[in-house]
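> Kindly return the folded structure for what I paste below:
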Amino acid sequence: MNKYGFTAAAVLVAGFAGAVQAADANKDFYASVRLQNAHQEVAGQQAYSPRALNITRDPSATDKLAGSLAVGRHLPGDWRLEAEYALPTSSTFDTQWRFVNPNNGSINPSRNVVETRAQRLMLNAYKDFPLNQFFSLYAGLGLGLSRISANGYQGTTARRFAQSTSNNLAWSATLGMDWRLNQTYTLGAGYRYVDLGKYQTGSNLFSNVVGRRDEQHRGRLNEQNLFAELRIGF
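Presented below is the predicted three-dimensional model:
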């Protein structure tokens, strides 16, 4: 190849590289995959029965490996807007109560187990704070809908509460850090708090001490996430 041909080839390569770089720079949209620890706990539990006196053992929090999928767009001013679906997470909460038997006035313990399955669809807004061309911090708020199915049992699995599903307004707050590998790929990690809203089981399917279907569990479900994220621009 003579020097004129080499020069022409170099110009074409440089022009192609510039076009690719310009296209990469315009990758305003992205897809995201998050792997996270779902630390769920209940709050604001109400007495499950008219005969329940008080709770003597609060339920322990549960930890499950979970995930979410999202699509988003970069906006001017280092803002991002994102739609996210968090995959269903199941938890079991074991509690102990005291109740009074109206037939003889005795006070007895009662073990109650609540089982939940929660998922959510959120719209998240993030503000990025670039530290340099590779690293940035960000904060975000989310608002969306959660769906919580709840049932459970009392004492043994033969004494079950019916399943009930609640749809709630959910909100979240997020803090995170990003590492931009190149124009296409970004790695991230962060912390998120989510208020999933209220849950309730159906009524007792078993016959209780007064022969009524008047027992039911209610409360709120919260979640905390430590997550790792991969974002792919397009």
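> mind checking which helix or strand the residue nearest the centre of the chain is in?
The residue lying closest to the centre of the chain (Cα atoms, centre = their mean) is A86, at 5.3 Å. Under the criterion of DSSP states H and E, A86 resides in strand 79-100.
> Now the helix or strand hosting S166: average pLDDT?
Element membership of S166 [criterion: DSSP H and E] is strand 156-180. Average pLDDT, strand 156-180: 98.
> Show me what it is packed against.
On a contact count with 3 or more Cβ pairs under 8 Å, 6 or more residues apart in numbering; DSSP states H and E, strand 156-180 meets strand 107-130, strand 135-154, strand 185-200. Quick note: C-beta positions are derived from backbone N, CA and C, even for glycine.
> With distance to I55 and mean neighbour count as added columns, please give these in TSV.
Converted to TSV, these look like this (distance: least, Cβ to Cβ, whole Å; neighbours: other Cβ atoms under 10 Å):
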stretch	distance to I55	mean neighbour count
strand 107-130	9	18
strand 135-154	14	18
strand 185-200	16	18
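> will you turn those into TSV that also has distance to T174?
Listed next are these as TSV, based on distance: least, Cβ to Cβ, whole Å:
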stretch	distance to T174
strand 107-130	7
strand 135-154	4
strand 185-200	4
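> nearest to H217, of those strands?
H217 lies closest to strand 107-130 among those, at 5.1 Å (Cβ to Cβ).
> starting at the chain centroid, how far to that closest one?
In terms of Cα atoms, centre = their mean, to the nearest Å, the centre of strand 107-130 is found 7 Å from the chain centre.
> what pairs with it, and is each one parallel or antiparallel?
strand 79-100 (antiparallel), strand 135-154 (antiparallel) (DSSP bridges).
> Next, the angle strand 185-200 makes with that strand.
If you take axes from the mean of the first three to the mean of the last three Cα atoms, to 10 degrees, strand 107-130 sits at 150 degrees to strand 185-200.
> Who is Q40 paired with across the strands?
With DSSP bridges applied, Q40 shows beta-bridge pairing to T62, E223.
> Could I get the strands paired with strand 107-130 in TSV, plus columns for distance to Y193?
Formatted as TSV, those follow (distance: least, Cβ to Cβ, whole Å):
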stretch	distance to Y193
strand 79-100	13
strand 135-154	10
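> for this structure, which spans come out with low pLDDT?
Low-confidence segments of the chain (pLDDT under 70): 1-26.
> List the residues that contact the closest residue to V33 other than its chain neighbours.
Leaving aside its sequence neighbours, V33 sits nearest to L230 (Cβ to Cβ, 6 or more residues apart in numbering; 5.2 Å). L230 makes contacts with S32, V33, Y185, T186, L187, G188, as judged by Cβ atoms under 8 Å, 6 or more residues apart in numbering.
> I'd say the fifth one and M177 touch.
Going back to what we said before, that points to L187. No: look at L187 against M177 with Cβ atoms under 8 Å: they stay out of range, at 9.4 Å.
> Please report how far the closest residue to G44 other than its chain neighbours lies from S146.
If the residues on either side of it in the chain are set aside, G44 comes closest to R220, at 4.7 Å by Cβ to Cβ, 6+ apart. In this view, R220 and S146 are 11 Å apart by Cβ to Cβ, to the nearest Å.
> residues contacting G202?
So G202 contacts N151, F161, A162, Q163, S164, Q216 (Cβ under 8 Å, 6+ apart).
> From T201, how far out is the first one?
When distance is defined by Cβ to Cβ, N151 is 5 Å away from T201.
> shared neighbours, the two?
Common neighbours of N151 and T201 (Cβ under 8 Å, 6+ apart) are V114, F161, A162, Q163, S164.
> quick one: which two of the residues you listed are the most distant?
V114 and A162 (12.5 Å).
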